[in-house]
Structure formats: structure tokens, C-alpha cells
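K.L.:
What would the 3D arrangement of this be:
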Amino acid sequence: MITIRTATTEDAPQIALLGRVTFTETFSEYFRDPQDLFDYFEKTFNVAKIRNSIENANNKFWIAHWNDLPIGYAKLKVHSPSPFIDVSTVSQLQKIYVLKEFLDKKAGKILMEKLMSSFNDSAQTHIWLSVLNSNERAINFYYKNGFSKVGEHQFTIGKETFDFFALSKQKI
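P.N.:
Numbering: from 1, shown residues only. Predicted coordinates:
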């Protein structure tokens with residue numbers, strides 16, 4: 001059974017580990033140098049950094065559990081201007097990460113519902129995200145949830161440069 005709750009600073013170690021594992025499951029094949037991936041993890045999925053991010057009032061985190069086992073999380077950055085959207089009332093869906101073996105359990109869908117409910121209750125009018133342009137499963141998931149492509153950009157990690165789509169959705 002899946003349960004979703006608002007994450008607290010005590011969840012930072014689990015979120016950091018979930019970030020590392022899910023990122024590895026999805027993207028490790030794109031890295032020629034394992035050190036680049038490790039360095040990215042040390043910077044991005046650092047427990048202290050995650051804890052500080054949870055404490056930041058501009059961020060909202062949710063954690064998903066399957067029978068008390070942490071299996072995924074979502075992060076919403078409430079005020080996050082985008083070069084692809086010409087309004088100031090913009091939020092960013094920064095992460096929806098779910099362990100590969102639980103993708104078919106619909107944890108991502110439930111995390112998305114929680115995140116979008118929070119967004120819809122806010123004063124923000126638009127939400128955006130970045131997705132790797134070859135991640136068809138994620139792109140289709142976001143399209144099914146009403147997002148549409150608004151731009152393209154690149155992101156570099158170590159020696160690798162990745163092409164991303166920027167997707168957006170306007171509050172109805």
C-alpha cells in the first residue's frame with residue numbers, strides 16, 4: 001500500500017539515498033566516467049543539502065512509502081522563474097523520483113497529485129519542469145498530466161552534456 005506524506009528534515013537521508021538510486025537507475029548509462037556521477041551525487045544528493053532544502057520555505061517535499069519502505073519523493077519549488085515562461089508567478093516541479101521496481105504501483109501518479117494540489121492551492125499560475133529529451137516514459141507521464149513543451153535547453157554534468165525539454169502547465 002502506498003502512502004504519501006509531507007517530508008521533514010528527518011527524511012533527508014532517505015531522500016538523498018532515493019535520489020542517488022533513482023538517478024542511477026535512470027541515467028547512469030549516459031555517463032562514461034563514474035566519477036562524474038559520484039561527484040554529482042555528492043553535490044546534489046548530499047544529506048545536509050537536502051535537509052537545508054526541506055527547511056527552505058520556498059520548497060515543498062513529499063515522500064512516498066510502500067508498507068513503510070521509502071520508494072520515492074517529489075519536490076516543488078514554489079517561486080522558480082523560467083526563461084520559457086514570461087510571468088513571475090511560476091513554480092517548478094523539480095523532482096518526481098520513484099524507485100524503478102515501484103513505477104508500476106502508480107507512486108509517481110500519487111506524488112504528482114499531491115504536488116499539483118499544492119500548486120493549485122498556491123498563488124502561482126504556471127508550473128514548469130525539465131525532462132531529458134530521450135526519457136519517453138517521463139515525457140509521456142507529463143503529457144498525460146497536462147504539460148506541454150515550451151522550450152529546450154542543455155545541462156552539463158561532469159563531461160556529459162544532456163538535452164532537455166522544458167514543459168509547462170498553466171493553472172486552470
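
K.L.:
in the chain, which helix has the most residues?
P.N.:
helix 12-27 (DSSP state H).

K.L.:
What residues sit buried inside that helix?
P.N.:
Going by neighbour count (16 or more other Cβ atoms under 10 Å), the buried part of helix 12-27 is A12, Q14, I15, A16, L18, G19, R20, T22, F23, T26, F27. No exception for glycine: its C-beta is placed from N, CA and C like everyone else's.

K.L.:
just stretch 67-74 next, same as before
P.N.:
For stretch 67-74, by 16+ other Cβ under 10 Å, it's P70, I71, G72, Y73, A74.

K.L.:
try stretch 40-54
P.N.:
Residues Y40, F41, F45, I50, R51, S53, I54 are the ones in stretch 40-54 that count as buried (16+ other Cβ under 10 Å).

K.L.:
Then stretch 121-136?
P.N.:
Neighbour-count burial for stretch 121-136 flags S122, Q124, H126, I127, W128, L129, S130, V131, L132, N135 (criterion: 16+ other Cβ under 10 Å).
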